[in-house]
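In: sequence first, then the predicted structure, then my questions.
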Amino acid sequence: MRIAGKLLRTTIALLLCAGGAAAWGDSKLRLDVLGIVSLPSGERMDGAVVGGLSSIAYDPGSDRFWALSDFEGPGMARLFEIDLPYDGAGVGEPKPVAFRPLLLPDGSRMPGIDAEGLALLPGADVFFVSTEGRMGGDREYGIPPWVGRFDAATARLDRLLPVPEVFLPRDAEGRQVYPGAPAQATGVRYNFGFEALGATPSGAALYVANEAALLQDDPRPPFDSQWNQANGSAVRITRFDDPLGDSPAAAAQRVYVADAGSLFFVVRRFNTVSSLLPVDDSGRILVLERGLIANSLDTGSYRIRIYEVDFNEAGATDVSEHPSLIDSEWKALSKRRVWEASSGMDNIEGMTWGRPVDGFRTLVLISDDNFFRRSSRQETQFVVLRTNISAGSESRVAALLKGVPKLPPALGAYLDKPEGGERRGDE
């Protein structure tokens, strides 16, 4: 662990974030930094590099954190269990303690996927994973974005949730194509699929969000050839009801507009939605935006903002029946900024509730080091924030799975095909 770097970044973050939510308007949520630590570079477990961690979830039963890797190599979809000690005095050194591959319903290792979102429901013995979809490689078509439910004891997939048609990559004739295909006319853009995923405390609802606007929702690409962004992106947040039952279904859908990229030396750098986390069962959600603030992908070059929204906000349009946002009228969710850090931050992509400290809930963020493919200075960073929400105020999971439902064959076919390469997703 880089002690000097850790202390410097913690000091910077504390200075930047002093005052918490009071500086950002009408939100009553306050976040204060307890500490920032990093995993040693290149650490391995069972031969696998502990890296590319795109999401994180806390298991109060084991008092450990689960981190999801987004590496797309065949059979490399995996979770790491991590011990992250912290209390009111600060944050200790994180330590990976277990390695768990994600499995198909037949028990074989899952083929390469771009896994990005993770939601754990300890009381129900299941967790959920979301993916961005995958290019086709040598195949006629790739894998569309999906949200899957896994058994927590075996890490085996038991159901794919029904993804609304609006997200699925299609050409102008409505035929399935892979994300990023030249003929694609609708659906998630390549590498901008289901980046954010979160479950309500009771397990009654699951929320998922695409990272940037769908093709039919905004004709302007999020990035040009130089990774520049000139526009805020209209992201759809979708609520799935009854995710623990036998008939989960996509329900309401609202629009969240991300901030535009930062201006730096007359170059606008990217800014996208990388994580979301329900606060309670009433519709309050935290949304994390991650973007560059400099012409470098090194540690310290990222700006991180956390906003609070009310998914049930009166007047916000339910766009679940809108095939395109371009051809319809709608009103986006209102955003209330509760935290920002613009120095010392790495590529933060995950956010979860952690163990209580001093009687209050904590929030833990994690960064994706991209396996150092973009910068040798990137690292797996953990940021621990103490909130002003009393511990124990959240609901408890009451529902339990009734048996193991079968995987829908039409969706399962996408996962059973051999891999067409080992390209991995970035960001």
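Out: That came through fine. Numbering: from 1, shown residues only.
In: show me the shaky parts of the stretch 1-150 of the chain.
Out: Regions of the stretch 1-150 of the chain meeting the criterion pLDDT under 70 cover residues 1-27, 71-75, 135-142.
In: tell me the SS of residue 166?
Out: At residue 166 the chain is in helix, as set by DSSP: H, G, I helix; E, B strand; the rest coil.
In: how about stretch 36-44: buried residues?
Out: Within stretch 36-44, the residues scored as buried using 16 or more other C-beta atoms under 10 Å are 36-39, 41. For every residue, glycine as well, the C-beta is placed using N, CA and C.
In: can you get me the start-to-end distance on that stretch?
Out: 21 Å (C-alpha to C-alpha, to the nearest Å).
In: now swap in stretch 185-197 and tell me
Out: Where stretch 185-197 begins and where it ends lie 25 Å apart, using C-alpha to C-alpha.
In: same check, this time on stretch 62-80
Out: Start to finish, the residues bounding stretch 62-80 are 13 Å apart (C-alpha to C-alpha).
In: mind listing what's buried along it?
Out: With burial defined by 16+ other C-beta under 10 Å, the residues of stretch 62-80 counted as buried are 64-72, 76-80.
In: number of nearby residues for the residue nearest to residue 236 when sequence neighbours are not counted?
Out: Nearest non-adjacent residue to residue 236, counting by C-beta to C-beta, 6 or more residues apart in numbering: residue 253, 5.4 Å away. Here the number of neighbours of residue 253 (other C-beta atoms under 10 Å) works out to 20.
In: thought residue 253 was touching residue 241?
Out: No. The pair residue 253 / residue 241 is not scored as a contact, 12.0 Å apart, by C-beta atoms under 8 Å.
In: helix or strand next in line after the strand or helix carrying residue 291, which one?
Out: Counting by DSSP states H and E, the element that carries residue 291 is strand 284-292. Counting by DSSP H and E, the element after strand 284-292 in chain order, helix or strand, is strand 302-310.
In: what is that next one packed up against?
Out: For strand 302-310, the elements it packs on are strand 284-292, strand 336-345, strand 348-353, judged by 3 or more C-beta pairs under 8 Å, 6 or more residues apart in numbering; DSSP states H and E.
In: do that again at 7 Å, thanks
Out: strand 284-292, strand 336-345 (3 or more C-beta pairs under 7 Å, 6 or more residues apart in numbering; DSSP states H and E).
In: where among the ones you listed is average confidence lowest?
Out: Lowest mean pLDDT of the helices and strands packed on strand 302-310: strand 336-345, a mean of 88.
In: direction included, what does it pair against?
Out: If you go by DSSP bridges, strand 336-345 pairs up with strand 302-310 (antiparallel).
In: show me the contact partners of the strand it pairs with.
Out: By C-beta atoms under 7 Å, 6 or more residues apart in numbering, the residues outside strand 302-310 that reach it are 27, 29, 31, 256, 259, 262, 283-293, 333-342, 345-348.
In: give me the number of residues near residue 149?
Out: 24.
In: partner residues bridging it?
Out: Using DSSP bridges, the bridge partners assigned to residue 149 are residue 128, residue 159.
In: and it, what is it in contact with?
Out: Counted by C-beta under 7 Å, 6+ apart, residue 149 has contacts 126, 128, 158-159, 161, 243.
In: go again with 10 Å.
Out: 119, 121, 124, 126-129, 157-161, 206, 243-244, 248, 401, 404-405, 407 (C-beta atoms under 10 Å, 6 or more residues apart in numbering).
In: quick check: angle from the strand holding residue 291 to strand 302-310?
Out: Counting by axes from the mean of the first three to the mean of the last three C-alpha atoms, to 10 degrees, strand 284-292 lies at 160 degrees to strand 302-310.
In: for the helix or strand hosting residue 253, name the packing helices and strands.
Out: Using DSSP H and E, the element containing residue 253 is strand 249-257. Contact here means 3 or more C-beta pairs under 10 Å, 6 or more residues apart in numbering; DSSP states H and E; on that basis strand 249-257 packs against strand 205-210, strand 234-241, strand 271-278, strand 284-292, strand 302-310.
In: give me the beta-bridge partners of the spatially most central residue of the chain?
Out: For the chain, the residue nearest the mean C-alpha position is residue 196 (3.2 Å; C-alpha atoms, centre = their mean). Counting by DSSP bridges, residue 196 is bridged to residue 209.
In: does it touch residue 350 like I think?
Out: Yes. With contact defined as C-beta atoms under 10 Å, residue 196 reaches residue 350; the gap is 9.4 Å.
In: report the set of residues contacting both of the two.
Out: Going by C-beta under 10 Å, 6+ apart, residues that sit against residue 196 and also against residue 350 are 55, 116-117, 274-275, 277, 288.
In: stretch 44-53: end-to-end distance?
Out: 13 Å.
In: which positions within it qualify as buried?
Out: Residues of stretch 44-53 classed as buried under the neighbour-count rule (16+ other C-beta under 10 Å) are 48-53.
In: which of the residues you listed fall within strands?
Out: Among the buried residues of stretch 44-53, the ones falling in strands (DSSP state E) are 48-49, 53.
In: measure the closest residue to residue 234 other than its chain neighbours to residue 180 for me?
Out: Closest residue to residue 234 apart from its sequence neighbours, by C-beta to C-beta, 6+ apart: residue 213 at 4.9 Å. Counting by C-beta to C-beta, to the nearest Å, the gap from residue 213 to residue 180 is 14 Å.
In: tell me the contacts of the residue lying farthest from the centre of the chain?
Out: Distance from the C-alpha centroid of the chain, by C-alpha atoms, centre = their mean, peaks at residue 173 (31.2 Å). Residue 173 makes contact with 183, 185, according to C-beta under 10 Å, 6+ apart.
In: how about the helices and strands packed on strand 302-310 in TSV, adding distance to residue 358 and mean neighbour count?
Out: Listed next are these as TSV, based on distance: least, C-beta to C-beta, whole Å; neighbours: other C-beta atoms under 10 Å:
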stretch	distance to residue 358	mean neighbour count
strand 284-292	20	23
strand 336-345	19	21
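In: and the helices in the protein?
Out: 3-17, 409-416 (DSSP state H).
In: and residue 232, what pLDDT?
Out: Looking at residue 232, its pLDDT reads 87.
In: for the stretch 301-427 of the chain, which spans come out with low pLDDT?
Out: The low-confidence ranges in the stretch 301-427 of the chain, as defined by pLDDT under 70, are 371-377, 393-427.
In: coming back round to it: could you identify the most distant pair in the buried residues of stretch 62-80?
Out: Distances among the buried residues of stretch 62-80 were taken as C-beta to C-beta; the most separated pair is 64 and 72, at 25.2 Å.
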